[in-house]
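K.L.:
what follows is a predicted structure for the sequence shown.
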Amino acid sequence: MQARVSSSLFVVLSLASATGVSGCGVDTPDTRSNPVPVIDVALNRSFQTNRGLVTGLDNFGIPVRAGNSMDATVNEARRFYDTLKSPSTTPQDVDYPDPFTGAPATPHLTAPMTFDEWKRTFNFPVRSAGESVTAYRARIGAVVYYNKNELGLGRELACSNFPDGVDSQGQPLTGIACFVTNYGTAFRDLVNSLPLAAEGLHSKNTVCISYRPSLDPDYQVQFYTYNGDGLRREYAQLDTLGPRPLPQVCMNCHGGSYDSSRHLAKFARFLPLDPNVVLFSDTGDTTRAAQEERIRAINAMQLASPLTPMQRTMLDSLYGGKITVPGTVSHTDWAPTQWGDSDDHRQLFHRVLWTNCGTCHAAMEKGPGGDTLAIYTLFQSPTLLDAGLPAQLCGNFTMPNSQATLLNFWEPSVAPATIAGKTYTTDADALLATLGMTPDQCAKLDEMANCNRGANPEELCGNAYSGRGCNRVTGKCEPYMRAPRNPGDPNGICKLDGTRGCAFPSTCQPARSKPAAGLESYDGVCVP
């Protein structure tokens, strides 16, 4: 089954003007009239050392997992996994020394070492021999969509209940586990990533979450990551800037903080799926209509986990109070009471705030000490958009704190935002107008929208293994991350001398024609 995105969306995306490496099949739109900040800090809220990144990478841009060049976060992630363990009581073989003592590796209790073992542990049915991916997904209730607002990847989401021991009264405890497998050969490549997800091809990695009521209160929601081969890892890469440590990378959106004394995540939350902020195929088994009941079932299941009040309000509004009733279809125009008092507020909430900010901020309820965070209450009502927001949006440009979301927020939108009868070219225009501002008042916007600055302009666009670079003439990062490509076309630029490579498993091959002005040193292209 071949997934297909909306034809009107494809046409708009295809209008990007070609200014990238000639003949590469990667395009860059002209965004001079709408500057977009180029920031090398993203997903760093929960781990701020080295801009939130893991250091010590091998020749493929993958974190080194042994020896002197191994980043300390790798060992800490192993302490996390060994502390977390799993409902299974079977010791597992590990490929690392004891992360606490340095003693040689021995089989012991730890979090599942492979994705297949994780699924068995958390009660997911095994895919039968000869069973199609479509049939298997139907059996486990998996949902396939394109995550446009945070990562720019195709995704497959599924959840399950599992036994988690007994309580102090001897009553059985039931936990919840969900996995999301990310698909795509490049970030923000809707045209290719959604079909790949629908067909179950080219998985980048899988991130998992569990709610285990047997664990101590506040520590019951925890995380896991597995690479494309299904092997457990201590990091995940969710943008072009590089890999980030687990579990901190997850808590950038799932909320909470890392308790280094307990070696566990604290106050983290599940993220219910609002189908209004993701994209679906418009034909076949992965349309929104075909998956509505699966989405409802997953969201209803997550109600048993410690969601925040804002998340529960969202689910109640999304399903009109009937989320537990099979067959209930989610609303497309829901809004919490505080934002539903006028059409203007409802439009701003739906089109700008919830789409760009809501999923993550609704989960970020508590600080390390249990205090309610300002970033949680910020978007609860029209009156709570506080004075600190303008500085984050157009002063230091630290929000949105995700590379994909930042680009979505500042770029001209495929569907311009209409708020209070006025149409805005970008979501940033619309939100700043609400605050009584315009992008012209962002003093450093033009400077920050030019990657040709600082000691290492290339690193503003992506790390040395990202397949991206800074055009020294235009000041734009290339290739543009949302250009449509045919399957198999190049998805990046590189240097044949190895100093700028490609995202694994793409490889650097000689370019077919001369590089564009400003990219003269890029003589290769990344081939998926």
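P.N.:
Nice, I can see it.
K.L.:
per-domain residue ranges of the chain.
P.N.:
1-32+457-528, 113-441 (automatic domain parsing).
K.L.:
out of those, which comes closest to residue 46?
P.N.:
Nearest to residue 46 among the domains of the chain is domain 113-441; the distance by Cβ to Cβ comes to 4.1 Å. For the C-beta atoms, the positions are set from N, CA and C on the backbone; glycine is no exception.
K.L.:
and the closest one, how far apart are its ends?
P.N.:
Counting by Cα to Cα, to the nearest Å, you get 51 Å between the two ends of domain 113-441.
K.L.:
same question for stretch 446-456.
P.N.:
Span of stretch 446-456 from end to end, Cα to Cα: 18 Å.
K.L.:
okay, and the beta partners of residue 366?
P.N.:
For residue 366, the beta-bridge partners under DSSP bridges are residue 372.
K.L.:
I should have written residue 211 there, sorry.
P.N.:
Listed by DSSP bridges, the beta-bridge partners for residue 211 are residue 176, residue 221.
K.L.:
hang on, it packs against residue 174?
P.N.:
No: using Cβ atoms under 8 Å, residue 211 makes no contact with residue 174, being 9.4 Å away.
K.L.:
and the nearest residue to residue 425 once chain neighbours are set aside, what's its pLDDT?
P.N.:
Excluding its sequence neighbours, the residue lying closest to residue 425 (Cβ to Cβ, 6 or more residues apart in numbering) is residue 412, at 5.1 Å. Residue 412 is assigned 89 on the pLDDT scale.
K.L.:
as CSV, the domains of the chain with mean neighbour count would be great.
P.N.:
Putting the domains of the chain into CSV (neighbours: other Cβ atoms under 10 Å) gives the following:
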stretch, mean neighbour count
domain 1-32+457-528, 19
domain 113-441, 19
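K.L.:
residue 41: which of those is closest?
P.N.:
Closest approach to residue 41 among the domains of the chain (Cβ to Cβ): domain 113-441, 6.8 Å.
K.L.:
which residue is nearest the centroid of this protein?
P.N.:
Among the residues of the chain, the one closest to the centroid is residue 151, at 3.7 Å (Cα atoms, centre = their mean).
K.L.:
which residues of the stretch 1-150 of the chain fall in strands?
P.N.:
Using DSSP state E, counting those that start in this stretch, the strands of the stretch 1-150 of the chain run over 143-147.
K.L.:
low-scoring pLDDT stretches of it, where are they?
P.N.:
Under the criterion pLDDT under 70, the flagged ranges of the stretch 1-150 of the chain are 1-33.
K.L.:
is it possible to get JSON lines of the domains of the chain that adds distance to residue 93?
P.N.:
Converted to JSON lines, the domains of the chain look like this (distance: least, Cβ to Cβ, whole Å):
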{"stretch": "domain 1-32+457-528", "distance to residue 93": "25"}
{"stretch": "domain 113-441", "distance to residue 93": "7"}
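K.L.:
ok, which of the ones you listed comes nearest residue 51?
P.N.:
Across the domains of the chain, the minimum distance to residue 51, taken as Cβ to Cβ, is reached by domain 113-441, at 7.4 Å.
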